[in-house]
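*Asks:* what would the 3D arrangement of this be:
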Amino acid sequence: AQLVESGGGLVQPGGSLRLFCAASGFTLRMLDMRWYRQVPGKEREWVAFMAPDGGVTYYADSVKGRFTISRDNGKNTAYLQMNSLKPDDTAVYYCNARSPEANDGDPGVWGQGTRVNVSS
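*Replies:* Predicted coordinates:
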């Protein structure tokens with residue numbers, strides 16, 4: 001079971017990127033999806049959440065109104081649309097799939113990360 005992120009890259013401030021999180025070896029259909037990001041030397045920061053049916057979403061205040069999490073369970077893929085990007089959004093972005101019933105000790109499945117660099 002693995003998650004593979006893609007879609008990162010270099011973008012100018014104010015630009016947009018769409019990140020992809022593709023699952024293989026298991027289905028995302030019944031799992032919560034989360035996106036996180038991490039800057040070297042800092043703790044990993046939660047960015048966005050989506051429930052299995054897509055009916056509930058939450059966002060960190062720092063990205064609210066600019067980022068949109070979505071999923072296509074038929075394609076076994078989750079997405080993070082990032083608009084109005086700022087230099088502070090520069091980080092490695094990770095997706096995570098985890099059962100809603102998982103206990104606190106269950107990390108779920110993590111991807112390897114995709115790097116986003118917002119710079120002029």
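*Asks:* residues contacting the helix or strand containing Tyr94, please?
*Replies:* Here Tyr94 sits within strand 91-98, counting by DSSP states H and E. Strand 91-98 has contacts (CB atoms under 8 Å, 6 or more residues apart in numbering) with 3, 5, 8, 19, 21, 23, 26, 28, 31-39, 44-45, 47, 78, 80, 106-116. Where you see a C-beta, it was placed from the backbone N, CA and C, and this is true even at glycine.
*Asks:* what distance separates it from the centre of its chain?
*Replies:* Between the centre of strand 91-98 and the centre of its host chain there is 5 Å, according to CA atoms, centre = their mean, to the nearest Å.
*Asks:* send me that strand as PDB with only the CA atoms.
*Replies:* In PDB, the C-alpha atoms belonging to strand 91-98 read as follows (Å, rounded to 0.1, in the frame of the first residue of the first chain):
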ATOM      1  CA  ALA A  91       7.300  23.500   1.700                       C
ATOM      2  CA  VAL A  92       7.200  19.700   1.000                       C
ATOM      3  CA  TYR A  93       3.600  18.700   0.800                       C
ATOM      4  CA  TYR A  94       2.400  15.300   2.000                       C
ATOM      5  CA  CYS A  95      -0.900  13.400   1.700                       C
ATOM      6  CA  ASN A  96      -2.100  11.000   4.400                       C
ATOM      7  CA  ALA A  97      -4.900   8.400   4.300                       C
ATOM      8  CA  ARG A  98      -6.300   7.200   7.500                       C
END
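*Asks:* for it, buried residues please.
*Replies:* Of the residues in strand 91-98, those scored as buried under the neighbour-count criterion (16 or more other CB atoms under 10 Å) are Ala91, Val92, Tyr93, Tyr94, Cys95, Asn96, Ala97.
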